[in-house]
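# I would like to see how this sequence folds:
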Amino acid sequence: QWEIKTNGSFGIASGTYDSLHYHVSPLFENTYLRRKVNSGICTSYSDTVLIRVLPLITNNIISGDTTVCKHTAPLPLKGTNPAGGDPSEYRYLWQIGTQNNWITGSGTANQKNYQPSGIDTLTYFRRIVFSGPYNTCSDTSNVVTIGVHQLPLASLTPFDDSLCMGQPYQLKIQLNGQSPFIVKYTDQNAVFDTLVGSQGLFVWSFYPYTAGKFQYTLAQVIDTHGCSPDSMPGKGMLSVFEVPVAFAGNDTEVCGLEVMLRANKGIGLGTWTSNVSATFESGIHSHETLVKSSQYGTHTFTWTLNNGGCIDSSTVYITFDQPPPDPLVGEDQQGPFLFKTKLKAYLPLLGTGKWTTPDSTIIISDIFDPETTVENLKFGKNYFQWYVENGVCTSASDTLVVEVTDIRIPEGFSPNGDGKNDTLIIKGLENVSNAELIILNRWGYEVFRSKDYKNNWDGKYKGNILPLDTYYYILNVIGRTYKGFLIIRK
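Model prediction:
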């Protein structure tokens, strides 16, 4: 007979109490059991068994519903401190799986909290709490769901190209996934980033900031969920060349067919070209070279710098002047009072002629007229140089000398009507004006006066021929006074 008590004295157990074994009904408090055996007049009691009843485990709650990027471990799953059971001893088991198929979680799955490893698909988690001897009490927590964001895809279109500094270039990036994206690329020296609003082909225009050879790759792509691709294929090589600055020199004019060209050396390969056949003594790639042109005239010479396909050119205009022939002037001149005269030179076949004189007080009407008039000459020899110039070419000069002499008054004249020496002619007066001539007879009587004598006195006084005799003259001209005797002959 099985006997039972919770407090007080034992009583007969409920149910089938007279069997060898006893199936205990659910208990709600600590309970004592014993078995009584009767045989004839003998009675024996077994040891008393205490069944300790623990309260149900409660407050087994876990939290951490979330969604993570594929292959990413979520934050640790946290559980509350349970209640009930044997408060001195709780044991934990974290399980992973589906609602109907659970397995023990990987890693450390027997602690209050649990750190899942990286997951690839929608996954469920729960915690079982055990307490009491032989895991008498157990409780299963609520289920936590961790979803998975698929990773975005990103790739850079490969390239191997070159360009000049200052020119834009375009990276082509293919993006698939949840937009917007933060996209970063690197040229191995710096990282650049931008925000891309939608998936598909994204074209990123940029300007290389310095010359050199650069390797471009995607550094990072982050989608709207914070997820990044497992890999980002594609690599680009870009050679950036500095743009050269060419300077061919200053325009110039030379005499002859040779000139020294001096361009800047610059960067890259320099090359001379011309619109005329020419010989470059140091070669067409030398920035300084003597050039021999095949033709006179103005020609262009272009200096082109090529640095990896980046080109700049500069053109200089060179005028090659042909040396003119030697100049030629007329005969030297000489005459009394030749203070004004006309010079004589011959027009050059090439170039332009020009008169010069060392005497700055002499007046030349037109220095470019080969037969120009000159004035204000001085007594003695007056020198005039006739130069011929063609551009910057100047020939040797030819010199014309005009010698101005004093007048010579004749000793007499014969106004007899034979056409010879019929008038008093003083050579040189035709070159001046206001020559005052006074003629006196031997008794001092004035027989002729002219304030502007023109070599026209025919020896008459009041219409009559003066007798043969010696007369006295006074000539005032150019600030000078000439006095002397002259004879009228028949």
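# elements contacting the least confident helix or strand in the chain by mean pLDDT?
Lowest mean confidence among the helices and strands of the chain (mean pLDDT, DSSP states H and E): strand 393-394, at a mean of 89. Using 3 or more Cβ pairs under 8 Å, 6 or more residues apart in numbering; DSSP states H and E as the contact definition, strand 393-394 packs against no other helix or strand. Using the backbone N, CA and C atoms, a C-beta is placed for each residue, glycine as well.
# so how far is that strand from its chain's centroid?
Relative to its chain's centre, strand 393-394 lies at 43 Å (Cα atoms, centre = their mean, to the nearest Å).
# who's in contact with it?
Contact with strand 393-394 is made by 255-256, 321-324, 351, 387-388, as judged by Cβ atoms under 8 Å, 6 or more residues apart in numbering.
# Kindly report the same for stretch 95-112.
Contacts with stretch 95-112, where a contact means Cβ under 8 Å, 6+ apart, come from 79, 81, 91-94, 114-117, 123-128, 143.
# For the residue nearest the centre of the chain, give its distance to A211.
Central residue of the chain (Cα atoms, centre = their mean): G166, 5.7 Å from the mean position. G166 sits 11 Å away from A211, going by Cβ to Cβ, to the nearest Å.
# same deal with Q111?
Taking Cβ to Cβ, one finds Q111 at 59 Å from A211.
# who's more crowded, these two?
A211 (17 against 13; other Cβ atoms under 10 Å).
# Narrow the contacts of stretch 95-112 to those that are buried.
For those, a neighbour count by 16 or more other Cβ atoms under 10 Å gives the buried set as 79, 92-94, 114-116, 123, 125-128, 143.
# V49: which of these is nearest?
I128 (28.3 Å; Cβ to Cβ).
# what pairs with that closest one across the strands?
I128 has these beta-bridge partners by DSSP bridges: L93, T140.
# Hmm, it is touching P82, no?
No - using Cβ atoms under 8 Å, I128 makes no contact with P82, being 10.5 Å away.
# one step back: could I get the contacts of strand 393-394 as a markdown table with pLDDT?
Supplementary listing: the contacts of strand 393-394 in a markdown table, determined by pLDDT from 0 to 100:
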| residue | pLDDT |
| --- | --- |
| C255 | 95 |
| G256 | 96 |
| D321 | 96 |
| Q322 | 95 |
| P323 | 93 |
| P324 | 91 |
| G351 | 89 |
| Y387 | 92 |
| V388 | 93 |
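# top of the residues you listed by neighbour count?
The most crowded member of the contacts of strand 393-394, judged by other Cβ under 10 Å, is V388 (26 neighbours).
# and it, bridged to which residues?
G353.
# which residues sit in contact with it?
With Cβ under 8 Å, 6+ apart, V388 has these contacts: 324-327, 348, 350-354, 394-395.
# shared neighbours, I128 and P82?
D139.
# quick one on the thing from earlier: tell me which of the contacts of stretch 95-112 fall in strands.
79, 91-94, 123-128 (DSSP state E).
# What is the nearest of those residues to S360?
T123 (112.2 Å).
# List the residues that contact that closest one.
Counting by Cβ under 8 Å, 6+ apart, T123 touches 96-97, 116, 145-146, 148.
# so who does E375 touch?
Counting by Cβ under 8 Å, 6+ apart, E375 touches 339-340, 362-363, 365.
# Most widely separated two among these?
Maximum pairwise distance in the contacts of E375, criterion Cβ to Cβ, is 14.0 Å, between F339 and S365.
# okay, these two: which has more neighbours?
Neighbour count, other Cβ under 10 Å: between F339 and S365, F339 has more, with 20 against 13.
# and the nearest residue to the more buried one once chain neighbours are set aside, how many neighbours?
Spatial nearest neighbour of F339, excluding adjacent residues (Cβ to Cβ, 6 or more residues apart in numbering): L377 at 4.7 Å. Around L377 there are 24 other residues, counting by other Cβ under 10 Å.
# so where do the helices sit in the stretch 101-250 of the chain?
Counting by DSSP state H, counting those that start in this stretch, the stretch 101-250 of the chain has no helices to list.
# still on that earlier bit, distance of the residue nearest to the centre of the chain from Y209?
10 Å.
# Over to G297?
G297 sits 47 Å away from Y209, going by Cβ to Cβ.
# go on, G11?
Applying Cβ to Cβ, the value for G11 to Y209 is 97 Å.
# now T279
Distance, T279 to Y209, using Cβ to Cβ: 44 Å.
# ok, now P87?
Distance from P87 to Y209, counting by Cβ to Cβ: 68 Å.
# swap in D223?
For D223, the distance to Y209 (Cβ to Cβ) stands at 29 Å.
# Looking at the two, which one has more neighbours?
Using other Cβ under 10 Å as the criterion, D223 and Y209 rank with D223 on top: 25 against 11.
# quick one, phi/psi of the more buried one?
Main-chain torsions, D223, degrees, to the nearest 10: phi -90, psi -170.
# Wait, it touches L195, no?
No - between D223 and L195 there is no contact under Cβ under 8 Å: 11.6 Å.
# Mutual contacts of those two, please.
With Cβ under 8 Å, 6+ apart as the test, D223 and L195 both reach 180-181.
# Report the residue spans of this protein with pLDDT below the cut-off.
Scanning the chain with the threshold set as pLDDT under 70 gives 99.
# so who does I363 touch?
Residues counted as contacts of I363 (Cβ under 8 Å, 6+ apart) are 374-376.
# 10 Å instead?
By Cβ atoms under 10 Å, 6 or more residues apart in numbering, I363 lies in contact with 340, 357, 373-377.
# Mind listing the residues bridging to the nearest residue to N275 once chain neighbours are set aside?
Distances taken as Cβ to Cβ, 6+ apart put T300 closest to N275, at 4.9 Å, once the chain neighbours are dropped. For T300, the beta-bridge assignment (DSSP bridges) gives partners Y317.
# My assumption is that K454 lies in a strand; please confirm.
No - per DSSP: H, G, I helix; E, B strand; the rest coil, K454 lies outside any strand segment and is coil.
# Could you check how far it is from N431?
Taking Cβ to Cβ, one finds K454 at 12 Å from N431.
# now do S365
Here the distance between S365 and N431 works out to 16 Å (Cβ to Cβ).
# With V196 instead?
V196 is 101 Å from N431, by Cβ to Cβ.
# For the residue nearest to the centre of the chain, which non-adjacent residue is spatially closest?
V243 (6.1 Å).
# Return the residues in contact with that neighbour.
Listed by Cβ under 10 Å, 6+ apart, the contact partners of V243 are 164-167, 211, 267-268, 305, 307-308, 310-312.
# From A278, how far out is it?
28 Å.
# about what we covered before: list only buried entries from the contacts of I363.
Buried by 16+ other Cβ under 10 Å: 357, 374, 377, out of the contacts of I363.
# does the last one sit in a helix, a strand or a coil?
Using three-state DSSP, the three-state assignment for L377 comes out as coil.
# Okay, and the beta partners of G335?
As assigned using DSSP bridges, the partners bridged with G335 are V404.
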